[in-house]
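**Student:** no FASTA, just this:
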């Protein structure tokens, strides 16, 4: 009897060779309502990094910031966001994701309240840095999404969530301009505080848990991010393409308000409406996610790079001709191109390692953020030193270089 029992146990532990082992069970996916919540949370969170771009003048005047230092009103938040991308996002591979996301949401609310209570510049800058660091919680939420859906639909779900994030970036500027014009700059942060409190309540109720399968130390975690940056060719390439496009994106949106005022006579409300129209590019996000799921991420990247070059050139002509409608249409195409490439890139980067998605995302987003920061600086420099055509020319050159790098993928494949 014992021999029979042992034989049966052995058969259970070691099945016959002709028996196929069951596949690893994949997650069932996210309900549409939860996907929608993730999208809204992503957009509302990342908007906090960009509100100040439309509020530099009013904030500087209110807090008595010298004109020579007014740019730091934007820079401090972005420095915080950049630091958070490297030092916080990778924790998604170490700390239970729900807890980490909720902690960052609490940090956002603390930063917003600090800004609202600021009687002078020092507290405002400290609070803005806290706000920037905490806003990277969205970059923990997006990899979490990829863990919660099966591979076959990962691109489309990420595309839907990224659509919300991109909408937050694009809508933050016109929203901040409109609220400030009618209620003052602090109204922007009152609005954001209310929204973030509501989102925190919903996430407390519905955000699922995910405990990473890792016991790596924090120092090793940061070292792992640097290792991926230094050794992963797919990560390097996708970050290079998107870093270039994000630089162009920030160049465009740094120079465009100045150009719209100088060339078309737009005031704050007009600039806000133009930015709102440009936000139409976010509609491409879910479509690109589906295209990437079907294996066409590389084709989406090629189309995005060519679309960015063409749309930039058209904006140069449209400004010279005074054709504001064509300028608006080209802006939608440019924004769509930047977002399409970002979603295709994330689909590829997240597929490199399921156990290290947060670290991969930290490296990917840190490199992209560096490109964006360079673009913001180039936007003002090129416009003030050569007008809109110089901004367009530099943007086209950056995108052409990225396109030439992208073309080497096909050369390598043909060898």
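**Tutor:** Structure's in. What do you need? All of these numbers come straight from a predicted model, not from anything done at the bench.

**Student:** how many other residues sit next to residue 366?
**Tutor:** Number of residues near residue 366 (other CB atoms under 10 Å) recorded here: 23. Every C-beta, even on glycine, is put in place using the N, C-alpha and C of the backbone.

**Student:** element containing it, please.
**Tutor:** Assigned by DSSP states H and E, residue 366 falls within helix 357-414.

**Student:** and for the helix or strand hosting residue 203, what's in contact with it?
**Tutor:** Assessed by DSSP H and E, residue 203 sits inside helix 186-206. For helix 186-206, contacts defined as CB atoms under 8 Å, 6 or more residues apart in numbering pick out 34, 37, 40-41, 44-45, 47-48, 51, 55, 101-102, 105-106, 108-109, 112-113, 115-116, 175-176, 179-180.

**Student:** and if you look at stretch 403-413?
**Tutor:** For stretch 403-413, the surrounding residues in contact (CB under 8 Å, 6+ apart) are 237, 240-241, 298, 301-302, 305-306, 309.

**Student:** out of these, which are buried?
**Tutor:** Buried by 16 or more other CB atoms under 10 Å: 237, 240-241, 301-302, 305, 309, out of the contacts of stretch 403-413.

**Student:** JSON lines for the residues you listed, including distance to residue 131, pLDDT and secondary structure?
**Tutor:** Formatted as JSON lines, those follow (distance: CB to CB, whole Å; pLDDT from 0 to 100; DSSP: H, G, I helix; E, B strand; the rest coil):
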{"residue": "237", "distance to residue 131": "32", "pLDDT": "95", "secondary structure": "helix"}
{"residue": "240", "distance to residue 131": "29", "pLDDT": "96", "secondary structure": "helix"}
{"residue": "241", "distance to residue 131": "29", "pLDDT": "97", "secondary structure": "helix"}
{"residue": "301", "distance to residue 131": "32", "pLDDT": "92", "secondary structure": "helix"}
{"residue": "302", "distance to residue 131": "37", "pLDDT": "93", "secondary structure": "helix"}
{"residue": "305", "distance to residue 131": "33", "pLDDT": "96", "secondary structure": "helix"}
{"residue": "309", "distance to residue 131": "35", "pLDDT": "97", "secondary structure": "helix"}
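
**Student:** among those, which pair sits farthest apart?
**Tutor:** Across these, the longest distance by CB to CB is 18.3 Å; it joins 237 and 309.

**Student:** quick one: which of the buried ones among the contacts of stretch 403-413 is nearest to residue 260?
**Tutor:** Distances from residue 260 to these, taken as CB to CB, are shortest for residue 309 (22.0 Å).

**Student:** nearest residue to the closest one in space, please, no chain neighbours.
**Tutor:** Spatially, and ignoring its direct neighbours in sequence, residue 309 is nearest to residue 399 (5.0 Å; CB to CB, 6 or more residues apart in numbering).

**Student:** now swap in residue 280 and tell me
**Tutor:** Spatial nearest neighbour of residue 280, chain neighbours left out: residue 332 (4.6 Å); criterion: CB to CB, 6+ apart.

**Student:** just give me the neighbour total for the one you found.
**Tutor:** When neighbours are counted by other CB under 10 Å, residue 332 registers 18.

**Student:** which strand or helix spans it?
**Tutor:** helix 324-350.

**Student:** could you do residue 156 as well?
**Tutor:** With DSSP H and E as criterion, residue 156 is part of helix 154-183.

**Student:** same check, this time on residue 290
**Tutor:** Using DSSP H and E, residue 290 falls within helix 284-293.

**Student:** mind listing what's buried in the helix or strand in which residue 107 is found?
**Tutor:** Element membership for residue 107 (DSSP H and E) is helix 97-116. Residues of helix 97-116 classed as buried by neighbour count (16+ other CB under 10 Å): 97-98, 100-102, 104-105, 107-109, 111-112, 114-116.

**Student:** coming back round to it: give me the mean pLDDT for the helix holding residue 290.
**Tutor:** Average pLDDT, helix 284-293: 70.

**Student:** distance check, residue 120 against residue 167.
**Tutor:** Distance, residue 120 to residue 167, by CB to CB, to the nearest Å: 33 Å.

**Student:** of these two, who's got more company?
**Tutor:** The residue with more neighbours, out of residue 120 and residue 167, is residue 167; 23 against 11, by other CB under 10 Å.

**Student:** roughly how far apart are the more buried one and residue 160?
**Tutor:** Residue 167 is 11 Å from residue 160, where distance means CB to CB.

**Student:** return every residue with contacts to both of the two.
**Tutor:** Common neighbours of residue 167 and residue 160 (criterion: CB under 8 Å, 6+ apart): residue 39.

**Student:** pLDDT below threshold where in the chain?
**Tutor:** Residues of the chain meeting the criterion pLDDT under 70: 1-29, 67-68, 70-71, 281-283, 285-286, 289, 292, 411-415.

**Student:** if we go to 50?
**Tutor:** Scanning the chain for pLDDT under 50 picks out the ranges 1-24, 414-415.

**Student:** what are the contacting residues of the host helix or strand of residue 40?
**Tutor:** Secondary structure assigned from DSSP H and E places residue 40 in helix 32-50. Defining contact as CB under 8 Å, 6+ apart, one finds that helix 32-50 is touched by 30, 77-78, 81, 105, 108, 111-112, 131-132, 135, 137-138, 141-142, 145, 157, 160-169, 171-173, 175-176, 192, 195-196, 199, 202-203, 206.

**Student:** next SSE after it?
**Tutor:** helix 56-62.
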